[in-house]
Every structure is written in C-alpha cells, then in structure tokens.
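# next come a sequence and a model predicted from it.
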Amino acid sequence: MKYDFDTLLERKGTSSFKWDTGMDYFGRDDVIPMWVADMDFACAPCVVEAVQKRAAHPIYGYTVRQQSYYDSVMGWLKRRYGFSVSQEYLCFSPPGVIYAINIVVRILTEPGDTVLIPTPNYDSLFDLVTRNGRILAESPMRWENGRYVLDYEDLERKAERAKALIFSSPHNPTGRVWTREELERLTEICMRHDVFMLFDEIHCDFILKENPHTTIGLLGEEVLRHSMVCYSASKGFNLGGLGMATIVLADDDLRQRFKEELSIAQTRLDNVFGAAALMAAYTPEGEAWLDQAIAYVSENKRYLADFLKAHIPQIQLCQAEGTYLVWLDCSGLPYRGMALEHFMINEARVVLSGGYEFGSLGDSFLRMNLACPRSVLREALERMEEAVRKISV
Ligand SMILES: Cc1ncc(COP(=O)(O)O)c(C=O)c1O
C-alpha cells in the first residue's frame with residue numbers, strides 16, 4: 001500500500017468528538033471509541049497539502065465557490081457514479097447534510113405531517129423529523145437471506161399518508177448498498193403517492209467495487225424532480241470537521257426556496273479550508289487514496305469476521321456490503337438496548353453505538369466503526385472477547 005493506514009495517530013487533545021468525550025459521555029477515559037462515524041486515518045496527502053497551502057495564506061476571509069469548485073464536484077459525480085449533473089441543480093450546505101435535510105423537511109412539510117423512514121436508520125434523521133413536530137413513520141426492514149431488504153408492502157401502505165421519505169443510501173447502520181432495482185421500486189412507490197424523497201448519499205464514496213453505488217441521479221429526470229440528493233466529501237475523505245455537503249435539487253421552485261433559506265441564515269458561503277480540501281479530494285490522487293482506504297477497511301472487515309467466528313460466536317457480523325460501519329447482531333449475548341451498549345463500555349471498555357438508537361429493530365445490535373488501524377481493531381476485539389468470556393463461564 002502506498003498510504004499508511006496502520007499508524008495510530010494520537011487524537012486525544014485535538015477536540016475530537018470521538019476521542020475527547022470519554023469522561024463527559026461515558027464517565028471514563030480508558031475506552032476505545034468506535035462509535036462516531038469518522039476515520040482514525042490521516043487524510044489523503046493531497047488533501048493535507050491543499051489545506052496547508054491555503055492555511056499558509058494568512059487571511060481566512062469569507063469564501064465563495066468558483067467555477068473550479070463546481071467542476072470538481074461535477075467531475076467527481078460523473079467519474080465515480082456516471083452522473084452528469086446539470087450545474088444549475090447544484091446547491092451547497094456548509095454545515096453539512098443534516099442541516100440541508102432539515103431545511104427541506106421544514107419547507108415541504110408542516111408540523112403534524114408524516115415523514116417515512118425505513119428502519120433501522122441513522123438516529124439524527126429521526127430527530128430532525130420528531131423535533132420539528134412532524135410524525136415519524138418507521139417502516140421496519142426485513143431480514144431475508146442474510147441481508148436487510150425493504151418491506152415494499154409496508155412502504156406502500158405508509159406512503160399513502162406520508163408527505164416525504166428520508167432514505168440513506170448506502171445505508172447507515174447496516175452497510176446495505178441498494179441495487180438499482182430496489183431503488184426503482186422504492187421511487188416508483190413514492191412517486192405514485194406523491195411522496196417527496198430525500199436521499200442521503202453521504203456514505204456513497206466508501207463502497208466496494210463488487211457492490212457499486214447507484215446514485216438517484218441515474219434514475220432519470222422525473223425521479224430527480226421529486227428528490228433531493230445529498231453528497232459530501234466528509235465521509236469518504238474524512239473531512240467531517242470541515243463542514244460541507246453538495247445538494248442536488250432539480251425542482252426549480254424548491255431550489256430557490258432552499259437557497260433563500262441559506263441566504264437568510266447567511267450559511268451560503270463556503271468554509272475556506274473545506275473548499276481547498278474538497279477540490280483536492282476529488283482528484284485522481286485523492287481517489288487513489290480513497291480506493292486504498294476502502295481496501296484497508298475491507299481487510300478489517302475480513303479480520304473482524306474471522307475473529308468473531310473464532311472467538312466471539314455470540315456476536316455475528318451482518319453482511320457488510322459498503323461503508324466503514326458494520327452492524328453486529330448480539331442476540332447471543334444476554335443484554336439488550338442500553339444495557340448492551342453499557343456492557344461493552346464498562347466491561348470491554350469499547351464504545352460501540354447502541355443499536356436501539358437506530359430504531360425499534362436495533363435492540364440486540366451494535367454498530368461498529370472499522371475505519372481504524374488494525375491494531376486498534378485487534379485490541380478492541382480482544383477486550384470484547386475477554387468481557388464476553390467472563391459472562392459466559
Ligand atoms: C447517514 C448519515 N447522514 C448524515 C450524517 C451527518 O452528516 P453531516 O455531518 O454532513 O450533517 C451522517 C454522519 O454520521 C450519516 O451517517
């Protein structure tokens with residue numbers, strides 16, 4: 001490998017959400033944090049150089065997106081996903097994807113309206129529905145032939161009274177990479193019931209060649225007009241602290257209203273370092289780094305699967321098609337919900353996301369972030385093995 005993913009970089013003391021919150025959140029500082037969805041890898045060298053170069057100019061004033069920024073984004077979507085997006089459809093959201101989804105939910109729905117989300121799913125998406133006074137309709141997925149699938153009959157029923165659907169693709173937390181057929185069936189249901197679709201594709205850069213990502217942009221103009229599609233360099237290139245999201249809105253009226261909201265809140269300008277980082281990330285050099293990071297994490301997945309089989313058979317890895325997050329079935333352990341999460345924190349000293357946070361189906365699951373050096377993964381698994389052994393004797 002040309003890039004180094006093995007070296008453990010000290011993140012404590014960098015105001016890291018993942019590494020500097022142990023005492024505040026869990027009452028202890030000796031945990032290995034594997035919950036927050038960012039990576040413990042240094043960013044691509046070309047990204048670091050671009051940010052350093054920009055930082056060397058000592059004025060960090062208000063920043064606009066120039067044509068080169070648009071070209072980077074459009075070039076990336078075309079090269080990586082085959083999506084030729086029209087420049088006029090592009091909007092941006094420097095605070096990130098959730099900020100943009102929040103705006104569109106508030107534009108398109110009223111308090112008391114129903115928003116449909118297949119579950120399990122990323123908990124911030126539930127929050128933005130319920131805390132805005134909208135009604136969350138969960139559509140539980142089904143576990144079929146070793147993978148999660150959508151329950152189309154349930155979706156069809158619930159779409160009748162829903163105004164909007166929020167959908168993560170690829171899927172957080174299960175790692176499912178939806179096929180074109182699945183997306184076509186889903187969009188067909190939503191279009192028939194006039195349900196506006198908000199597609200959160202933030203994890204789409206981090207997928208395997210065997211399971212290619214189908215962006216909603218490929219499903220045709222009609223689908224795109226009834227959708228919002230969110231992309232970001234923040235997951236694939238580990239830029240979460242820089243704040244950025246690219247939003248595709250093909251509906252002219254909705255796009256104008258979205259821009260107006262950004263303008264009112266003065267959030268339309270760019271993060272000075274975010275712009276430099278994104279343009280460096282979306283180059284062939286950035287892409288080469290990304291492909292190696294994906295290959296490294298794939299090896300982590302293999303290591304995890306082998307380790308669980310050999311040493312912790314009470315925990316099973318659900319089929320992990322994409323993203324650096326994995327969904328662990330812990331039904332072989334005697335804990336559920338928060339107790340399961342606390343068992344891992346206090347007995348194994350490993351912080352995993354409690355599956356209960358992702359909706360009603362997640363009670364016996366944990367989500368683990370594998371974007372870390374293998375030595376960190378090994379240490380975490382050994383701690384988990386030891387904790388499970390103690391309750392098994
Ligand atoms: C599916 C999904 N959407 C959105 C986000 C957050 O995106 P942002 O920080 O751009 O708001 C995350 C972060 O983990 C995520 O997993």
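Happy to help now that I have it. Numbering: from 1, shown residues only.
# what residue in this protein comes nearest to the ligand?
Proximity of the chain to the ligand (Cβ to the nearest ligand atom) peaks at residue 96, 2.6 Å away. Yep, even glycine has a C-beta here, placed from its N, CA and C like the rest.
# what's the closest non-adjacent residue to that residue?
Once flanking residues are discounted, residue 96 sits nearest to residue 245: 5.2 Å by Cβ to Cβ, 6 or more residues apart in numbering.
# wait, isn't that neighbour in contact with residue 102?
No. Assessed by Cβ atoms under 8 Å, residue 245 is found out of contact with residue 102, at 11.5 Å.
# circling back to that earlier point, got the contact list for the residue nearest to residue 96?
Contacts for residue 245 (Cβ atoms under 8 Å, 6 or more residues apart in numbering) come out as 92-97, 99-100, 202, 230-232, 234.
# ok, residue 322 next?
170, 175-177, 203, 206-208, 211, 213.
# using PyMOL, define a selection of the buried residues within those residues.
PyMOL command restricting the contacts of residue 322 to the buried ones, with burial defined by 16 or more other Cβ atoms under 10 Å:
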select buried, resi 170+175+176+177+203+206+207+208+211+213
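# got TSV for the contacts of residue 322, with pLDDT too?
Below are the contacts of residue 322 laid out as TSV (pLDDT from 0 to 100):
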residue	pLDDT
170	97
175	94
176	95
177	97
203	98
206	96
207	92
208	83
211	92
213	97
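# report the two of the contacts of residue 322 separated the most.
176 and 206 (13.4 Å; Cβ to Cβ).
# how about stretch 188-207 and the ligand, any contact?
Yes. Judged by Cβ under 6 Å from any ligand atom, stretch 188-207 and the ligand are in contact via 200, 202.
# let me fix that: stretch 159-174
Yes. Using Cβ under 6 Å from any ligand atom, we find that stretch 159-174 touches the ligand at 168, 172.
# how about the helices of the stretch 151-300 of the chain, start to end?
Taking DSSP state H, counting those that start in this stretch to define them, one finds helices in the stretch 151-300 of the chain at 152-159, 180-192, 221-225, 252-264, 272-281, 284-311.
# let's have the contacts of residue 245 in a markdown table, adding neighbour count and pLDDT.
As requested, these are exported to a markdown table (neighbours: other Cβ atoms under 10 Å; pLDDT from 0 to 100):
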| residue | neighbour count | pLDDT |
| --- | --- | --- |
| 92 | 23 | 97 |
| 93 | 25 | 96 |
| 94 | 19 | 93 |
| 95 | 16 | 94 |
| 96 | 19 | 96 |
| 97 | 25 | 97 |
| 99 | 18 | 97 |
| 100 | 27 | 98 |
| 202 | 26 | 98 |
| 230 | 26 | 98 |
| 231 | 29 | 98 |
| 232 | 27 | 98 |
| 234 | 25 | 97 |
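# now render those as a markdown table, adding distance to residue 219.
A markdown table is the format used below for the contacts of residue 245 (distance: Cβ to Cβ, whole Å):
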| residue | distance to residue 219 |
| --- | --- |
| 92 | 22 |
| 93 | 22 |
| 94 | 27 |
| 95 | 27 |
| 96 | 24 |
| 97 | 20 |
| 99 | 25 |
| 100 | 20 |
| 202 | 18 |
| 230 | 15 |
| 231 | 15 |
| 232 | 20 |
| 234 | 24 |
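# mind checking which of the residues you listed are in strands?
The strands, defined by DSSP state E, take in 92, 230-231 from the contacts of residue 245.
# got the residues of the stretch 101-250 of the chain near the ligand?
So the stretch 101-250 of the chain meets the ligand at 122, 168, 172, 200, 202, 232, 234, 240, 245 (Cβ under 6 Å from any ligand atom).
# repeat that with 8 Å
Within the stretch 101-250 of the chain, the positions adjacent to the ligand are 101, 121-122, 124-125, 168, 172, 200, 202-203, 230, 232, 234-235, 240, 243-245 by Cβ under 8 Å from any ligand atom.
# extract the C-alpha set from the helix or strand containing residue 390 and format it as PDB.
Secondary structure assignment for residue 390, by DSSP states H and E: helix 374-392. What follows is helix 374-392 as a C-alpha-only set of coordinates in PDB (Å, rounded to 0.1, in the frame of the first residue of the first chain):
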ATOM      1  CA  ARG A 374      -5.900  -2.900  12.500                       C
ATOM      2  CA  SER A 375      -4.000  -2.800  15.800                       C
ATOM      3  CA  VAL A 376      -6.900  -0.800  17.300                       C
ATOM      4  CA  LEU A 377      -9.500  -3.200  16.000                       C
ATOM      5  CA  ARG A 378      -7.500  -6.100  17.400                       C
ATOM      6  CA  GLU A 379      -7.200  -4.600  20.800                       C
ATOM      7  CA  ALA A 380     -11.000  -3.800  20.800                       C
ATOM      8  CA  LEU A 381     -11.900  -7.300  19.800                       C
ATOM      9  CA  GLU A 382      -9.600  -8.800  22.500                       C
ATOM     10  CA  ARG A 383     -11.300  -6.600  25.100                       C
ATOM     11  CA  MET A 384     -14.700  -7.700  23.900                       C
ATOM     12  CA  GLU A 385     -13.700 -11.400  23.900                       C
ATOM     13  CA  GLU A 386     -12.500 -11.100  27.400                       C
ATOM     14  CA  ALA A 387     -15.700  -9.400  28.600                       C
ATOM     15  CA  VAL A 388     -17.900 -11.900  26.900                       C
ATOM     16  CA  ARG A 389     -15.800 -14.800  28.300                       C
ATOM     17  CA  LYS A 390     -16.400 -13.500  31.800                       C
ATOM     18  CA  ILE A 391     -20.200 -13.700  31.500                       C
ATOM     19  CA  SER A 392     -20.100 -17.000  29.700                       C
END
